[in-house]
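Enquirer: Predicted model follows, preceded by the sequence.
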Amino acid sequence: MGNLIKPFIIIVLILNSVVMMAQQKTISRRELLKTAIDQKINSTEIQEITIPAGVQVPAHLHPCPVVGIIKSGEAVFQIEGQQKVILHEGEAFYEPKNVKILHFDNASAKKPLVFTAIYLKEGDEENIKLLK
């Protein structure tokens, strides 16, 4: 009887290992942002932007739509006419073309804010226009 238990345990352990490896290789997807872009896009420009701790970005607009994702830190984000929100690490955002962005500030007084911005360009638009 003891001779049968050892091979059985070994087979169970091997099968368990195979199942665990298969689960680790499963691709997962999580929707971060879904938005309509009302323009033809001929090119993109992707930038990693770092805003130092405590820095508030002046009000601005983008002559092209911008989508992005927060890599680390938190941002205070507000589009004119909308509520102010806090964007956390891993969250995505959308800044519409030619709409005033009141806030895209670093929410922390201690840590930098790092995010990736993707500029969706129709032509040779500037990335940003600071407003006074």
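Expert: Ah, there it is.
Enquirer: Strands of the chain, start to end?
Expert: If you assign secondary structure with DSSP state E, the strands in the chain sit at 43-51, 60-61, 66-72, 75-79, 85-87, 92-95, 101-106, 113-121, 129-130.
Enquirer: for those strands, which one sits closest to Leu33?
Expert: Across those, the minimum distance to Leu33, taken as Cβ to Cβ, is reached by strand 92-95, at 3.7 Å. In this view, the C-beta of every residue, glycine as well, is placed from N, C-alpha and C.
Enquirer: Run the chain-centre distance for the closest one.
Expert: 8 Å (Cα atoms, centre = their mean, to the nearest Å).
Enquirer: quick revisit: would you turn the strands of the chain into JSON lines with mean neighbour count and mean pLDDT?
Expert: Formatted as JSON lines, the entries for the strands of the chain read as follows, by neighbours: other Cβ atoms under 10 Å; pLDDT from 0 to 100:
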{"stretch": "strand 43-51", "mean neighbour count": "13", "mean pLDDT": "96"}
{"stretch": "strand 60-61", "mean neighbour count": "17", "mean pLDDT": "96"}
{"stretch": "strand 66-72", "mean neighbour count": "18", "mean pLDDT": "97"}
{"stretch": "strand 75-79", "mean neighbour count": "20", "mean pLDDT": "98"}
{"stretch": "strand 85-87", "mean neighbour count": "15", "mean pLDDT": "98"}
{"stretch": "strand 92-95", "mean neighbour count": "18", "mean pLDDT": "97"}
{"stretch": "strand 101-106", "mean neighbour count": "20", "mean pLDDT": "97"}
{"stretch": "strand 113-121", "mean neighbour count": "19", "mean pLDDT": "97"}
{"stretch": "strand 129-130", "mean neighbour count": "10", "mean pLDDT": "94"}
